[in-house]
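K.L.:
coords please:
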Amino acid sequence: MSRELIIRSEAEAEIAEAADWYNRERPGLGVDCVLAVNGTLQAVQRNPFQYQIIWREFRRAGVAQFPYGLIYRASERDVTVVACLHGRRNPSVWKKRT
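P.N.:
Numbering: from 1, shown residues only. Below you'll find the predicted structure:
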């Protein structure tokens, strides 16, 4: 069963911001970051319940090779990504979006 993947605009902006930052640090690294995020999104869409619950019904999936995590909630029909946060960012920031 394939779940619909919904990425909220705030999460999209955070992914773009991270990619821009990495591209400024080293050209092309932002593309690697986006590819890693896409890989995590695919894994979450395939099996969203494999990741740990971090608050209420929200889960966090780490992004390989980058210090980011995707915060999402899943149902039998869809997966909604509410944030893509750096590991050192205040985790309560995304809770205001729920």
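K.L.:
Looking at the one residue sitting closest to the centre of the chain now. What's its pLDDT?
P.N.:
In the chain, the C-alpha nearest the mean C-alpha coordinate belongs to residue 70, at 2.3 Å (C-alpha atoms, centre = their mean). On pLDDT, residue 70 comes in at 98.
K.L.:
which residues does the nearest residue to it once chain neighbours are set aside contact?
P.N.:
Spatially, and ignoring its direct neighbours in sequence, residue 70 is nearest to residue 61 (4.8 Å; C-beta to C-beta, 6 or more residues apart in numbering). For glycine as for every other residue, the C-beta is placed from the backbone atoms N, C-alpha and C. The contact partners of residue 61, by C-beta atoms under 8 Å, 6 or more residues apart in numbering, come to 40, 43-44, 51, 69-70, 72.
K.L.:
before we move on, what about residue 83?
P.N.:
Contact analysis of residue 83 by C-beta under 8 Å, 6+ apart lists 8, 10-11, 14, 70-71, 93-94, 97.
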